[in-house]
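S.K.: pasting the sequence and the predicted model now:
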Amino acid sequence: MTTKEDIRTVVKALKANNFNVQYLDKAKDAVPLILDLIPRDATLEMAGSMSVVQLGLQEKLKERGNTGLEFPRPGEVPSRKDVLLVSTNAVTLDGKLVNLDGMGNRVAGMIYGVKKVILLVGQNKIVRDLDEALERVKMVIAPYHAKYLGLKTPCAYTGECNDCDSPMRICNITTILWKKPPMMDFTIILVGEDLGLGWDPAWPQERIEKIQSTYRKEIQEFMAKLPPPPYRSK
Ligand code: SF4
């Protein structure tokens, strides 16, 4: 279970690791806060985040005129963007951010090259430590994500990672942010509700099913906007 004590611990650790952190009880309250943090003329870096999709933030940003929300095409040289709005796969109790990525676009902006990073994080992304973060992402989250992206990776069929050689492999790059990258404007908005894809198999089934069913609903919409392979199967 995620406890209030876990949340207090994570907020304190993230601040000690030099991140700007705001905690909100309700996920819906993150919407006006994030819109305020992003200038109306800012170009955004698009990276897959179910947490962002779940709150309808892409549509709201598009409606008010922000640009750059299209997914990059293979071979496209990314131009420098103003803001990356994304989530993280896991955040440890001692304030480290852990991410696995297929192409690298999602994690690259968290490290360098984007002026401002805003990370939207649900309480369900909190893990005990780095070992639990990697275990959860590779053995639980990536197989589930691969299955509903319609990828032909072994994990999409078996539900378990076997460190595959598939051309559709979605975990080619692992990043750990131990501390905030020094020159970056980096804000983490942690919410006291479940958001995006992340759970511990030991949690009550009802909680896991709620996270999964919300994800399944949102992934359909996300898939419809993806360019052709290699992002998705034919
Ligand atoms: S390495 Fe391959 S099998 Fe393992 S989680 Fe990633 S895509 Fe799935």
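M.R.: Cool, got the structure.
S.K.: what's the helix or strand for I189?
M.R.: In this structure, I189 sits in strand 185-191 according to DSSP states H and E.
S.K.: partners of that strand in the sheet?
M.R.: strand 20-24 (parallel), strand 116-122 (parallel) (DSSP bridges).
S.K.: which residues does that strand contact?
M.R.: 7, 10-11, 14, 19-27, 29-30, 33-34, 37, 91, 110, 115-123, 180 (CB atoms under 8 Å, 6 or more residues apart in numbering). Using the backbone N, CA and C atoms, a C-beta is placed for each residue, glycine as well.
S.K.: next structured bit after it?
M.R.: helix 205-225.
S.K.: K179: how many residues sit nearby?
M.R.: Here the number of neighbours of K179 (other CB atoms under 10 Å) works out to 14.
S.K.: next: D36.
M.R.: That count, for D36 with other CB under 10 Å as the rule, works out to 8.
S.K.: helix/strand/coil for it?
M.R.: helix (DSSP: H, G, I helix; E, B strand; the rest coil).
S.K.: which residues of the chain fall in helices?
M.R.: Taking DSSP state H as the test, the helices found in the chain are 4-16, 30-37, 50-54, 57-63, 105-111, 130-136, 142-148, 154-158, 205-225.
S.K.: which helices and strands sit right next to the first one?
M.R.: Read it as helix 4-16. With contacts taken as 3 or more CB pairs under 8 Å, 6 or more residues apart in numbering; DSSP states H and E, helix 4-16 sits against strand 20-24, strand 90-92, strand 126-127, strand 185-191.
S.K.: buried residues in the longest one?
M.R.: Judged by neighbour count using 16 or more other CB atoms under 10 Å, the buried positions of strand 185-191 are F186, T187, I188, I189, L190, V191.
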